[in-house]
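**Q** fold the following, please.
(4 chains)
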Protein chains: 2
Amino acid sequence: MSNLSHGMRIGGKLSGARPTMKDVASRAGVALKTVSRVVNGEPGVTPATATRVLDAIKDLGFRRNESARLLRTGRTSALGFIADDFSDCDTARLCREIEEVAIEHGMLLFTGSTDREPEREQGLAMSLTARRVDGLIILPTPGEHAYLAAEIDAGTATVFVLRPPTGVEADTVLVDERGGARRAVAHLIAHGHRRIGFLGSDPRQYRSRQLMQGYAAAMAEAGLVAEDSWTTLTPQRLADSPVTAVFCAGREHTTAALRALAVPGAGPGALSRPVAIVGFGDFDLADFVRPGLTVVTYDPAEVGRKAAELLFRRLDGEDGLDGLPATSRRVEVPTRLIPRGSGEIPGPR
Amino acid sequence: MSNLSHGMRIGGKLSGARPTMKDVASRAGVALKTVSRVVNGEPGVTPATATRVLDAIKDLGFRRNESARLLRTGRTSALGFIADDFSDCDTARLCREIEEVAIEHGMLLFTGSTDREPEREQGLAMSLTARRVDGLIILPTPGEHAYLAAEIDAGTATVFVLRPPTGVEADTVLVDERGGARRAVAHLIAHGHRRIGFLGSDPRQYRSRQLMQGYAAAMAEAGLVAEDSWTTLTPQRLADSPVTAVFCAGREHTTAALRALAVPGAGPGALSRPVAIVGFGDFDLADFVRPGLTVVTYDPAEVGRKAAELLFRRLDGEDGLDGLPATSRRVEVPTRLIPRGSGEIPGPR
DNA sequence: TTGTACGCGTTATCAC
DNA sequence: GTGATAACGCGTACAA
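**A** Residues are numbered from 1 along each chain as shown, chains lettered A, B, ... in the order given. Reported below is the predicted structural model:
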């Protein structure tokens, strides 16, 4: 029974029900397959019948049900992107770029936020693979990712970004945070700083660990020994610490440092102590911020594009034979140091 | 023929092929429907057989194909969100909130960027409705939206955000940009400004028009007459214009104004002319920017939540009887003025 | 050139 | 309790 028996007719058109190929076929007085041919632009249809079909399609307002088609063909032409939080501007930029590549390949993009909760990540990943997305790009939570092995094995192309996964082998796009921190701290040292702090140390977070390693490397290369109190800094202790410069492991730490050092009521630019601030992650108006803010950044779009390209390389059958995937690739995206005068010991000018 | 005949066995497990309910059924020695019952937690299955089925599911690594299920049930449990550009931080925040509500309702979210191109919007919207998404949230491009009427009529719950659509009636969530601009300009007037400019006037853009109306209202209320040159300001002309304050219609204009007025090489804080700057849209470190930056903002999350709630209200059958939808609602979200000392005529302190 | 029969993986309707 | 069988909307052999 056609669904055209449902829905109500309003002015000859239908409301509340979608016509199917069957409906189009019966209206045009042809077989299902003929409609299919016309819709898919396949050859072997008389212009006359094609016109009849086209008219029926127009009359009925028929639009092919892509879900049904994709069930049949076995592909969904959809990708999933799972990340901590899409309201983070880097993540948003990354997402945008993935989407761009996806569109180029005729694919749509699902998105989901984990809030860094492994359970949420797993829930999202499972929901997406249950829909048989063709590919998955994941900014992994700190948790375990062995649960994805079966899906990858079953054919879901999977790429991790920004953090390496745990318990599973897969293509990964990382950022050279270590190198960035190393150069940033070396920059501070070159400008005369010796007592350099690290704000935002958190061994549980991958990026923080990488940055800390870069910090440690730069200090060691200069023959400097970091005291414990410098590397376990908090915004509260910053004002009373002996450091003359501080490396901040993220935007939230950079702003916290600025606020901690700001003199209440004195207006922007006035610091209670002359501490040079270098942070990971740039800000929109950073060049108008006082004191000067040197930053280390990377290009999220580059990460997104690289990840999407790795994904499509898998999808386009570059993997090995018979489900034995090619060995997983690991790409690293560079960081950039943007000096903004915080190299020197700052002070009111 | 079951697909288990394909794929290669590795250690008793399968690779490259996904087991179906049929496979589970034959392995557990039960009928298809019984598996379905177990998977869906339906009653009427002996604990013994249930266990057999569950074991088979585990052995095979079976995971229900959601696409197939949704084809059968007629719903996709998916929403679509179409916007200008997801790398915009407001859009990203909005998206996050929509996603949050979607997850609460057990739905997944498709996202797509239009870059303000009507063709891209239409392409995305059509792709999404072709997949029969249950709902669509759209930040409309300047183009025509009559093409969506058929989809809305066919049952796709649709909500527009931030800009009203053209050529179609639907639920819409807007921002009180007009009121925001009005209060901001009144604020400047209250602080003694008389020659107030408007930067970023663009009659083609909805927001710009709204802001301009608010600007005009505030000026009129104070008995001030804006000269043409004040309202057709460009960053280049700003430094040589007679205005003592300028209202910027967006972040890009605010930054442009700052850069236009900055004295090269003089460091942040120094302006070539003492112009008070008020802008639409806040910045992360705005309170550390010199000169002070007063802004008008709104909460993107509020827009997202309201939009999603309107959507689900439709979906949960709050519409009228038999496809006659309830009259479309129009919600307005407030704006907020954050004064940061740019009310007074600024100058080097 | 056009049509028939079947399958994709699931749910729904009925029997048994 | 359990199981054939028919849908859902579409693609694809293969026949006519």
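**Q** show me where the stretch 1-150 of chain A has strands.
**A** Here the stretch 1-150 of chain A has its strands, by DSSP state E, counting those that start in this stretch, at A:8-10, A:13-15, A:78-83, A:108-113, A:135-138.
**Q** quick one: average confidence on the second one?
**A** Meaning strand A:13-15. Strand A:13-15 shows a mean pLDDT of 50.
**Q** next one: the third one
**A** pLDDT averaged over strand A:78-83 equals 97, rounded to a whole number.
**Q** quick one: strands adjacent to it?
**A** Note on strand A:78-83: by DSSP bridges, its sheet partners are strand A:108-113 (parallel), strand A:135-138 (parallel).
**Q** what's the closest of the strands of the stretch 1-150 of chain A to DNA strand D?
**A** Evaluated over the strands of the stretch 1-150 of chain A, closeness to DNA strand D peaks at strand A:13-15, with 12.6 Å, by Cβ to the nearest atom of the strand. In this view, the C-beta of every residue, glycine as well, is placed from N, C-alpha and C.
**Q** what's the neighbour count on the closest residue to residue A:273 other than its chain neighbours?
**A** Leaving aside its sequence neighbours, residue A:273 sits nearest to residue A:239 (Cβ to Cβ, 6 or more residues apart in numbering or on different chains; 5.9 Å). Look at residue A:239: counted by other Cβ atoms under 10 Å in any protein chain shown, it has 15 neighbours.
**Q** separation between residue A:239 and residue A:275?
**A** Going from residue A:239 to residue A:275 by Cβ to Cβ, to the nearest Å gives 8 Å.
**Q** now residue A:303
**A** 31 Å.
**Q** list the residues that contact residue A:134.
**A** A:75, A:76, A:77, A:78, A:79, A:107, A:156, A:157, A:315 (Cβ atoms under 8 Å, 6 or more residues apart in numbering or on different chains).
**Q** in chain A, what secondary structure element scores lowest on mean pLDDT?
**A** strand A:8-10 (a mean of 43; mean pLDDT, DSSP states H and E).
**Q** if we can go back for a sec, highest neighbour count among the contacts of residue A:134?
**A** The residue in the contacts of residue A:134 with the most neighbours, by other Cβ under 10 Å, is residue A:79 (27 neighbours).
**Q** verify the stated contact: that one with residue A:103.
**A** No - if you go by Cβ atoms under 8 Å, residue A:79 and residue A:103 don't touch, sitting 10.2 Å apart.
**Q** show me where pLDDT drops low in the stretch 151-300 of chain A?
**A** A:263-272 (pLDDT under 70).
**Q** where along it do the helices fall?
**A** For the stretch 151-300 of chain A, helices defined by DSSP state H, counting those that start in this stretch occupy the ranges A:177-190, A:206-221, A:228-231, A:235-238, A:251-261, A:300-313.
**Q** neighbouring strands - and their directions - for the helix or strand just after the last one?
**A** Under the assignment DSSP states H and E, the closest C-terminal helix or strand after helix A:300-313 is strand A:330-333. Strands flanking strand A:330-333 in the sheet, each with its direction: strand A:171-175 (parallel) (DSSP bridges).
**Q** among the helices of the stretch 151-300 of chain A, which is nearest residue A:149?
**A** Closest to residue A:149 of these, according to Cβ to Cβ: helix A:300-313, at 17.2 Å.
**Q** ignoring the adjacent residues along the chain, who's closest to residue A:232?
**A** Using Cβ to Cβ, 6+ apart and skipping the chain neighbours, the partner closest in space to residue A:232 is residue A:201 (6.2 Å).
**Q** interface residues of chain A facing DNA strand D?
**A** By Cβ under 7 Å from any atom of the strand, the residues of chain A that approach DNA strand D are A:1, A:3, A:18, A:20-22, A:32-33, A:36, A:39-40, A:64-65, A:68-69, A:71-73.
**Q** which of those are buried?
**A** For the residues of chain A next to DNA strand D, a burial check counting by 16 or more other Cβ atoms under 10 Å in any protein chain shown picks out A:18, A:20, A:21, A:36, A:39, A:64, A:65, A:68, A:69, A:71.
**Q** where's the residue lying closest to the fourth one once chain neighbours are set aside relative to residue A:63, distance?
**A** The spatially closest residue to residue A:36, leaving aside those adjacent along the chain, is residue A:21, at 6.3 Å (Cβ to Cβ, 6+ apart). For residue A:21, the distance to residue A:63 (Cβ to Cβ) stands at 11 Å.
**Q** go on, residue A:195?
**A** Residue A:195 is 67 Å from residue A:63, by Cβ to Cβ.
**Q** hang on, the earlier thing: highest mean neighbour count out of the strands paired with strand A:78-83?
**A** Most buried of the strands paired with strand A:78-83, by mean neighbour count (mean count of other Cβ atoms under 10 Å in any protein chain shown): strand A:135-138, with a mean of 26.
**Q** neighbours around the closest residue to residue A:292 other than its chain neighbours, how many?
**A** Once flanking residues are discounted, residue A:292 sits nearest to residue A:341: 3.4 Å by Cβ to Cβ, 6+ apart. Residue A:341: 16 surrounding residues under other Cβ under 10 Å.
**Q** quick one: residue A:341 is in a strand?
**A** No - per DSSP: H, G, I helix; E, B strand; the rest coil, residue A:341 lies outside any strand segment and is coil.
**Q** wait, it sits on residue A:290?
**A** No - using Cβ under 8 Å, residue A:341 is not in contact with residue A:290, being 9.7 Å away.
**Q** contact residues of the stretch 51-200 of chain A facing DNA strand C?
**A** By the rule Cβ under 7 Å from any atom of the strand, the part of the stretch 51-200 of chain A lying against DNA strand C is A:68, A:71, A:72, A:74.
**Q** nearest residue to the first one in space, ignoring adjacent ones along the chain?
**A** Okay, so that is residue A:68. Nearest non-adjacent residue to residue A:68, counting by Cβ to Cβ, 6+ apart: residue B:71, 5.5 Å away.
**Q** got the contact list for residue A:312?
**A** A:101, A:105, A:135, A:157.
**Q** any chance of these in JSON lines, with distance to residue B:121 too?
**A** Output for those, formatted as JSON lines (distance: Cβ to Cβ, whole Å):
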{"residue": "A:101", "distance to residue B:121": "19"}
{"residue": "A:105", "distance to residue B:121": "19"}
{"residue": "A:135", "distance to residue B:121": "24"}
{"residue": "A:157", "distance to residue B:121": "28"}
